[in-house]
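Participant: Show me how the following folds:
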Amino acid sequence: MTQSSGISPIIVPPDQGRTLRAFGDEILFHLGGGETGGRFTLFTLLTPPGGGPPPHYHSHEEEWFLPLEGQVEFFLNGAWRPVSVGSVVYLPRGAVHAFRNVGQSPLKMLGQVAPAGFETFFSRCAEEFARPGAPDMPRILEISAEHGIFFVNA
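Facilitator: This is a model prediction of the structure:
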């Protein structure tokens, strides 16, 4: 059988991928747009106790998460809900959402975003967070808007 998609099969060993840090989180990107033909991004997310993003939505992507370790709550439909390890959380484009680590140990989740591009957004934010001093939050909001990610007061 010939490959019509132009994408080659790939195996990414557990010690490979690109790790970036921003917003207090660490993300290991396993697959990005370059490997998936722009179809999706696959990553493992580590969030410290008390961490997590504020409520926001994505105008370009859909997301889903699979908690692997720790305790997490997701903000969905205007309310915080506990989500157990092994559950799947699907977030369609435009859905206001957030998550937070409510445990005493790091939260580890597998995440996927489709189409790809989240890795570019997070990389740009990681550059801002790596600068000396506090990150330039107006610049972070600008980068977010450029990638169709908008924070809301909920």
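
Participant: which is the next helix or strand following the longest helix along the chain?
Facilitator: For the chain, the helix with the greatest residue count under DSSP state H is helix 118-130. Using DSSP states H and E, the helix or strand that directly follows helix 118-130 along the chain is helix 137-146.

Participant: so where's the chain shaky on pLDDT?
Facilitator: 1-4, 154 (pLDDT under 70).

Participant: mind running it again at 50?
Facilitator: In the predicted model, the chain carries pLDDT under 50 at residues 1-2.

Participant: Centroid-nearest residue for it?
Facilitator: Centroid-nearest residue in the chain: Gly111, 6.2 Å away (criterion: C-alpha atoms, centre = their mean).

Participant: List the buried residues of the helix or strand hosting it.
Facilitator: Assigned by DSSP H and E, Gly111 belongs to strand 107-114. For strand 107-114, the neighbour count (16 or more other C-beta atoms under 10 Å) marks Leu107, Lys108, Met109, Gly111, Gln112, Val113, Ala114 as buried. The C-beta positions use only the backbone N, C-alpha and C, and glycine is treated the same way.
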